[in-house]
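Engineer: All I have is the shape, not the residue letters:
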């Protein structure tokens, strides 16, 4: 729900307040104050920009730093106040990709499942290794016994001759 609302919010936003980047791979919040007061409440039950950003972070969005070139020392261009957010599966014209975006706790559950599978595999490998060590000890003992027998036979045949 959050992702669809955010997508439609950026799609329908007044471009002077917020918009998609030129390449459509990120979105911009050009006026965070107006965005919070006028845009967020149209889609959510609050007008808190920080809460909106926190939700974006939960879904793995990254804030892209704006480092505009300063032509005059002390004079910041308007772009310096813009916020840019990016996610690999949040792109202009690709609402179909939203299903690929997972909230961080959902990702952690999948990661935990993988960790548990790896733990089981490690346990199985340790058991197999232990079994192989036992077999190697038997083979080594058998080889030592055969060498002793060969040495004894060689000594006996030398003494008999």
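Structural biologist: That came through, no problem. The model shown is predicted, which means the values in this text are computed figures rather than measured ones. Residues are numbered from 1 along each chain as shown.
Engineer: Now do the buried residues in stretch 86-101.
Structural biologist: For stretch 86-101, the neighbour count (16 or more other CB atoms under 10 Å) marks 86-87, 90-92, 98, 101 as buried. For glycine as for every other residue, the C-beta is placed from the backbone atoms N, C-alpha and C.
Engineer: Turn those residues into a markdown table, including secondary structure, pLDDT and distance to residue 150.
Structural biologist: Output for those, formatted as a markdown table (DSSP: H, G, I helix; E, B strand; the rest coil; pLDDT from 0 to 100; distance: CB to CB, whole Å):
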| residue | secondary structure | pLDDT | distance to residue 150 |
| --- | --- | --- | --- |
| 86 | strand | 91 | 73 |
| 87 | coil | 93 | 72 |
| 90 | coil | 91 | 75 |
| 91 | coil | 94 | 75 |
| 92 | coil | 92 | 81 |
| 98 | helix | 87 | 75 |
| 101 | coil | 85 | 71 |
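Engineer: So residue 129 versus residue 138, what's the distance?
Structural biologist: According to CB to CB, to the nearest Å, residue 129 and residue 138 sit 15 Å apart.
Engineer: What segments of the chain are helices?
Structural biologist: If DSSP state H is used as the criterion, the helices of the chain fall at 2-12, 32-34, 40-43, 49-58, 104-160.
Engineer: Give the rounded mean pLDDT of the first one.
Structural biologist: What it means is helix 2-12. The average of the pLDDT scores along helix 2-12 is 92.
Engineer: Over to the shortest one?
Structural biologist: Helix 32-34 carries an average pLDDT of 91.
Engineer: just checking, what packs against that helix?
Structural biologist: Under the contact criterion of 3 or more CB pairs under 8 Å, 6 or more residues apart in numbering; DSSP states H and E, helix 32-34 touches no helix or strand at all.
Engineer: just checking, residue 25 touches residue 91?
Structural biologist: Yes. Judged on CB atoms under 8 Å, residue 25 makes contact with residue 91 at a distance of 5.8 Å.
Engineer: Right, I'll call it a day here.
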